[in-house]
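Engineer: sequence below, structure please.
(one chain, ligands or ions: 1)
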Amino acid sequence: KTIIVWFKDDLRILDHPALYHAAMDGKVIPLYIHNETEDTNSEWYRLQAITAFQQQLQDKGATLVIKQGNPVQIIQEVVQAFNADAVYYHYQYGPESRKQDEQLMDCLSVPVRRFHGNVLTEPGTILNKQQKPYKVFTSFWKSLRSLPIAKPYPVPHKVDWYNGKASTVPHTKNSQLNMYWQAGEQQALYKWRRFLHDQIDDYQEYRDFPGVDATSRLSHHLSHGEISPKLIWHEAKDALEITSIENRLQHTMEESTETFLKQLVWREFAYHQLTFFPHIIDQPLQTKFQAFQWQKPDPMLLESWKKGLTGYPLVDAGMRQLLETGYMHNRVRMVTGSFLVKHLLIHWLEGQAWFSRLLVDHDLANNTMGWQWVAGTGFDSSPFFRIFNPVKQAEKFDPDGTYIQKWLPELRDLPIEHLHFPQKAPEEVLQDAGITLGKDYPHPIIEHQYARERALETFQQLKKEE
Ligand code: FAD
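Structural biologist: Just a heads-up that it's a prediction; the model follows:
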C-alpha cells in the first residue's frame, strides 16, 4: 500500500501516530502543504521548522513533498499523482481546520485515518459527572491526572520512505528572529531534556519571574509539533520515579514537576474549550460580555501598547520583548493583556490579533484561552474586577529589574527603587540617569487609579443590565 502522511503542526518523527501506523501499513509519502498567506512570526518559524524537518527526513533517505495551495485540492492531486491508497494525519481542533477536514472526507476517494497526535487525551472526552464539559480548570486537571495517559509511539523501526526529487521550501523574509530561534525536533528534544535534568526543580519557585530563565521555553516546539506533550508527560513522570536523591530535594522536585505538568494541562484545557465551544475564537465564553461597553480603540493608545510606549515599564518591557523576539513571558502576557483590556478598555480581540501576528509560539487554542482569561470573559478566568496594578506586578515579579532593564535600555541607569515607575522619580534622579520623561521614555498614557475606576464602573454597568 502507498500512504500519504500529511504533516501539519506535527513536524517530528518521535511519537507521531500517523507516521507510525503508515510505516506499518505500507510505503510512506510525507507531505507538507503550505497554505498561509499571512506574514506572521509563527509562519516565519514554521518555514524554519519545515527546512529542519526536510533535512531530518533527507538524512533518512526520505523526501518531503512540499506543495502550496488549498489542502483539500492538493491532497486529491497528490493521491492521484502517487496512486496512493490512503491518507493519514493528525486532527486539528480549530473551526477552520474542522471544516476543511469535513470537506476532505467528502471528496477523497481513498480511506483516511486520523489520530489525536498533538494532545495528551482526545479533546472532548473529559467530562464531569453530569457528562458536561468542565468549566473549572482544577477539576479538569484532577480528572485528567487520574487517567492513564497513553505512552508515546517510538520512532518507527523501519520505514519504506518515498525518495524522489526534493521540493523547495517557500522563501522567508530575512528577520532578526533568526538570532533567537533554532528549529527542529532534535533541538526540541535537547531543550526539553536539558530542562528536565537541570532546571525543572526551580520551576515552581521562579516560573513567574520574567527576569529568571526558569520556564521550559518549549511553547514554539509544542505549537509546531516538534515535540509531543505525551513524550514530555511520560519522561517527566519517569524521571521522578528514577530519581533517588535526598528526600527534601526529591520533594521539591516532585512539587515542581507537578506544577510544570499542570501548566502543560492548561494547554489541554485550551483544546478542550476550543473543541466544545469553537465560537470562542471571537466571542466571549460568558455570553453576558457580549454587551460589554468596550471603548472604540483610540489608534494612539493602541499603538503605544503595541510598541511598548505606555509609560509602565513592565508592560513596555513585555511588548518590546514580543516585538523583538516573537516571545513574551507568561506572567507578562497576563499583565500586558490586562493593561490593554482593563486599563485601556480595548476589546481583547485586538490583543489576540496582535499576539497571533507576533508570537512565534502562536497557538489558536492557547491564545484564545489566554485572552479570554485576561479579559475575564472565559471560564475560570481572572474575574474582570481583579485588575492588575502594573507597577505592583513589576515590583513583585521583577524585583531587581533584570527584565525591565533588559528590554528598556533607556531606563538602564535608573536606580532600582524608581525603575518600576519612573514617573514617580524625583527630577534630579531622572536627570542623573539621563532621562527626560516624555522624550526618552513616555509619561504614563493613562493614570492607574482612574483606569481602574473606569473599568470597574463599566463592569458594574454590565451587571446592571444582566
Ligand atoms: P512553560 O511554563 O515552560 O510551560 C510548558 C508548556 O505548557 C508551554 O510550552 C505551553 O505549551 C503550556 N502552557 C504553559 N502555560 C500555559 C497557559 N497559561 N495556557 C496554555 N498552555 C500553557 N501559549 C502558547 O503556546 N501559544 C499562544 O499563542 C499563547 N498565547 C497566550 C496569550 C495570553 C494572553 C496568555 C496570558 C498566555 C498565552 N499562552 C500561549 C500561554 C503561555 O503564556 C505560554 O505557553 C508560555 O509563556 C510559554 O513559555 P514556556 O514554554 O516557557 O512555558
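Engineer: how about the residues of the stretch 101-250 of the chain by the ligand?
Structural biologist: By C-beta under 6 Å from any ligand atom, the residues of the stretch 101-250 of the chain that approach the ligand are 207, 215-219, 222-223. No exception for glycine: its C-beta is placed from N, CA and C like everyone else's.
Engineer: give me the buried entries from these.
Structural biologist: Burial by neighbour count, 16 or more other C-beta atoms under 10 Å: within those this picks out 207, 215-216, 218-219, 222-223.
Engineer: you'd agree Gln316 is up against Trp305?
Structural biologist: To be clear, residue 316 is Asp; Gln isn't right here. No. In this structure Asp316 lies outside contact range of Trp305 using C-beta atoms under 8 Å: 9.1 Å.
Engineer: re earlier: got the residues of the stretch 101-250 of the chain next to the ligand as TSV, with distance to Val112 columns?
Structural biologist: Conversion of these to TSV gives the following (distance: C-beta to C-beta, whole Å):
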residue	distance to Val112
Arg207	40
Thr215	37
Ser216	34
Arg217	35
Leu218	30
Ser219	29
Leu222	25
Ser223	24
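Engineer: as TSV, those with pLDDT and secondary structure would be great.
Structural biologist: TSV is the format used below for these (pLDDT from 0 to 100; DSSP: H, G, I helix; E, B strand; the rest coil):
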residue	pLDDT	secondary structure
Arg207	97	coil
Thr215	98	coil
Ser216	98	coil
Arg217	98	coil
Leu218	98	coil
Ser219	98	helix
Leu222	98	helix
Ser223	98	helix
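Engineer: farthest-apart pair in those residues, please.
Structural biologist: Greatest spatial distance among those (C-beta to C-beta): Arg207 and Ser223, at 18.6 Å.
Engineer: following element in sequence after the helix ranked longest in the chain, please.
Structural biologist: Of all the elements of type helix in the chain, the one with the most residues (DSSP state H) is helix 247-276. Moving toward the C-terminus from helix 247-276, the first helix or strand encountered (DSSP states H and E) is helix 299-307.
Engineer: got the CA positions of that next one in PDB?
Structural biologist: Only the C-alpha atoms of helix 299-307 are listed here, as PDB (Å, rounded to 0.1, in the frame of the first residue of the first chain):
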ATOM      1  CA  PRO A 299      -5.300  54.400  17.500                       C
ATOM      2  CA  MET A 300      -2.700  56.300  19.500                       C
ATOM      3  CA  LEU A 301      -3.300  54.300  22.700                       C
ATOM      4  CA  LEU A 302      -3.400  51.000  20.800                       C
ATOM      5  CA  GLU A 303      -0.200  51.900  19.000                       C
ATOM      6  CA  SER A 304       1.500  52.900  22.300                       C
ATOM      7  CA  TRP A 305       0.600  49.500  23.700                       C
ATOM      8  CA  LYS A 306       1.800  47.600  20.700                       C
ATOM      9  CA  LYS A 307       5.100  49.500  20.600                       C
END
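Engineer: tell me the SS of Lys151?
Structural biologist: For Lys151, the secondary-structure state derived from DSSP: H, G, I helix; E, B strand; the rest coil is coil.
Engineer: next up, the contacts around it.
Structural biologist: Lys151 is in contact with 230, 234, counting by C-beta atoms under 8 Å, 6 or more residues apart in numbering.
Engineer: quickly note the distance from it to Ala365.
Structural biologist: In this structure, Lys151 lies at 24 Å from Ala365, with C-beta to C-beta, to the nearest Å as the measure.
Engineer: ok, now Val119?
Structural biologist: Using C-beta to C-beta, which is the criterion applied here, Val119 is 10 Å from Ala365.
Engineer: any common contacting residues for these two?
Structural biologist: Common neighbours of Val119 and Ala365 (criterion: C-beta under 8 Å, 6+ apart): Tyr271.
Engineer: and the two? Which one has more around it.
Structural biologist: Ala365 (24 against 19; other C-beta atoms under 10 Å).
Engineer: just checking, what packs against the helix or strand where that one lies?
Structural biologist: For Ala365, the enclosing helix or strand under DSSP H and E is helix 364-375. With contacts defined as 3 or more C-beta pairs under 8 Å, 6 or more residues apart in numbering; DSSP states H and E, helix 364-375 has these neighbours: helix 247-276, helix 330-338, helix 348-358.
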